[in-house]
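Asks: would you be able to build a 3D model of this:
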Amino acid sequence: MTERPPPRTPTRKVRFGARDFIARGLQRNFWGDLYHTSLTISWISFFAYAALAFLTINTVYAALYFLGQDPIANARPGSFRDLFYFSIETLATVGYGDMHPQTDYAHLLATVEIFTGLSFLSIMTGLVFTRFSRPRARVLFANHALITNHDGQRVWTVRIANVRLNAITDATARVWMARTHETRESGTFRSFVELPLHRGESPLFALSWSLFHVIDVTSPLNGQARADLEAVEATFVVTLRGHDESLAQNISARRTYRLDDLRWDHRYDDILSLDEAGKLTIDYGKFHASTPVAAAEDV
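Replies: Here you go, the predicted model:
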């Protein structure tokens, strides 16, 4: 007797922050969370699925019209294409008038299809509006976080900027370090530990903001060299929350830094200067640039 192969375990590749993961054992359920799927897929996929649904609905109704006996006036006998075009006109509530129902069966089917079209239009309008109206922050995070000296102290720092150049009030930033460690009971365990910021709140975030975590004796980074952080697979998560006055909504942003994104003993290049007229100028073209401290001191 031939043994059946074991059922194939469903797998799914997901990306969280800067790391890729393979999720096993979760059954895909497209219809179970259709609303979330509709909001998270790309715009191209969203309209592609919407167009597919639109064509499928019209094909089904055209087939139902085809089952009737001459249901549509002025439609060529046996022409599925004419019935398909009539279905589109009915579903979209256009009604050009050259084709119209002429039997009770067709009138009843057109009534149901009009209701379907109104429902489909309402759902599409709501989804498109929700996708457009979701509050999104346009916060620029420096490509590299730094471990360096600042004002006589050893710090972990990163620079962020408000790309919209508007006012984000009551802005709150937090930094977390994710690390792997061994426990007595459960073996390898992944946990987050917060890195307290020197100034984690700002009443008004409009241009740029440098976040500093002081590496003192209480810091989780105290005495940690790069090799130590590699051993625990350390990554850093920076989050920002605030109220966007232009949108009148709360917004949030997040960026994950791996060890490859961390630079030791660098300093960010200055982006603030005065022009010939004495006006303050911010050069975001240098926003991501940093210079080794030793090289900077030689200039």
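Asks: tell me where the stretch 51-200 of the chain has helices.
Replies: For the stretch 51-200 of the chain, the helices defined by DSSP state H, counting those that start in this stretch occupy 80-91, 104-133.
Asks: what is the last one packed up against?
Replies: Under the contact definition 3 or more Cβ pairs under 8 Å, 6 or more residues apart in numbering; DSSP states H and E, helix 104-133 sits against helix 34-40, helix 43-66, helix 80-91, strand 100-101. C-betas here are computed from N, CA, C, even on glycine.
Asks: could you redo the last one with a cut-off of 6 Å?
Replies: Other helices and strands packing on helix 104-133, by 3 or more Cβ pairs under 6 Å, 6 or more residues apart in numbering; DSSP states H and E, are helix 80-91.
Asks: ok, now the first one?
Replies: Judged by 3+ Cβ pairs under 6 Å, 6+ apart, helix 80-91 is in contact with helix 43-66, helix 104-133.
Asks: okay, now residue 85: neighbour count?
Replies: The local packing of residue 85 (other Cβ atoms under 10 Å) involves 18 other residues.
Asks: which stretches of this protein aren't confidently modelled?
Replies: Across the chain, residues meeting the criterion (pLDDT under 70) sit at 1-32, 183-187, 294-299.
Asks: got the domain ranges for this protein?
Replies: The record, using automatic domain parsing to delimit domains, assigns the chain the ranges 35-133, 139-298.
Asks: I'd like the helices of the stretch 51-200 of the chain as JSON lines, with distance to residue 258 appended.
Replies: Putting these into JSON lines (distance: least, Cβ to Cβ, whole Å) gives the following:
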{"stretch": "helix 80-91", "distance to residue 258": "50"}
{"stretch": "helix 104-133", "distance to residue 258": "30"}
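Asks: winner for burial among those?
Replies: helix 80-91 (a mean of 20; mean count of other Cβ atoms under 10 Å).
Asks: which residues are in contact with that helix?
Replies: Counting contacts by Cβ atoms under 6 Å, 6 or more residues apart in numbering, the residues outside helix 80-91 that touch it are 58, 61-62, 65-66, 72, 75-76, 95-96, 99, 110, 113, 117.
Asks: filter those to the buried ones?
Replies: The neighbour-count test (16 or more other Cβ atoms under 10 Å) applied to the contacts of helix 80-91 identifies 58, 61-62, 65-66, 72, 75, 99, 110, 113, 117 as buried.
Asks: can you redo those as a markdown table with distance to residue 283?
Replies: Formatted as a markdown table, the buried ones among the contacts of helix 80-91 follow (distance: Cβ to Cβ, whole Å):
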| residue | distance to residue 283 |
| --- | --- |
| 58 | 54 |
| 61 | 59 |
| 62 | 60 |
| 65 | 65 |
| 66 | 66 |
| 72 | 66 |
| 75 | 66 |
| 99 | 63 |
| 110 | 63 |
| 113 | 59 |
| 117 | 53 |
